[in-house]
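# mind folding the following:
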Amino acid sequence: MSMSDPLGDMLTRIRNGQRAGLKQVACPASKMRGSVLAVLQSCGYIRGFSEGADAQGHKQFMVDLKYDEGNPVIRELHRVSKPGRRVYSSAQEIPRYYNGLGVTIISTARGVMADQQARDENVGGEVLCQVF
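Model prediction:
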């Protein structure tokens, strides 16, 4: 069965894993998911991620979740652009999440990046998700 929103599935796995108090969650690997995980790692929302394989030999990412004194570092994780409704933004109109305390992840022509980096490079694109 095919998945209609692979990125949304990964974000839900991370959200559910943190609510359950897991140290790691697994999700199928892809270039887009790896790019989003790299942004989450550089912003300090996850400890890291590694690529492996499951029992059937399919590539997957093992995402190391991050906690602060027993509480998840990620408080909110929202998918903005969905398969049924794509959301695009210019560099000047990239939304600030929680007045700049959160991070908006953007898919641009120069790759997937955080909102501040996209503003610095003056590029817009598809608003993938918001993290706080």
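
# flag the shaky bits of this protein, pLDDT-wise.
1-2 (pLDDT under 70).

# just give me the longest helix of it.
helix 6-20 (DSSP state H).

# roughly how far apart are the most centrally placed residue in the chain and residue 58?
In the chain, the C-alpha closest to the average C-alpha coordinate belongs to residue 36, at a distance of 4.3 Å (CA atoms, centre = their mean). According to CB to CB, to the nearest Å, residue 36 and residue 58 sit 19 Å apart. Where you see a C-beta, it was placed from the backbone N, CA and C, and this is true even at glycine.

# beyond the longest helix of the chain, next helix or strand please.
Beyond helix 6-20 in the direction of the C-terminus, DSSP states H and E gives the next helix or strand as strand 24-28.

# so what secondary structure elements neighbour that following strand?
In this structure, strand 24-28 makes packing contacts with helix 6-20, strand 59-65, judged by 3 or more CB pairs under 8 Å, 6 or more residues apart in numbering; DSSP states H and E.

# reformat those as JSON lines; add mean neighbour count.
Listed next are the helices and strands packed on strand 24-28 as JSON lines, based on neighbours: other CB atoms under 10 Å:
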{"stretch": "helix 6-20", "mean neighbour count": "17"}
{"stretch": "strand 59-65", "mean neighbour count": "18"}
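
# and the residue nearest to residue 98 when sequence neighbours are not counted, how many neighbours?
Across the structure, with CB to CB, 6 or more residues apart in numbering as the measure, the residue nearest residue 98 apart from its sequence neighbours is residue 132 (5.0 Å). For residue 132, the number of neighbouring residues by other CB atoms under 10 Å comes to 15.

# ok, residue 132 - contacts?
Residue 132 makes contacts with 74-77, 97-98, 101-103, as judged by CB atoms under 8 Å, 6 or more residues apart in numbering.

# considering those, which possesses the most neighbours?
For the contacts of residue 132, counting by other CB under 10 Å, the largest number of neighbours falls to residue 103: 23 neighbours.

# pop out the phi and psi values for that one.
phi -120, psi 130 (degrees, to the nearest 10).
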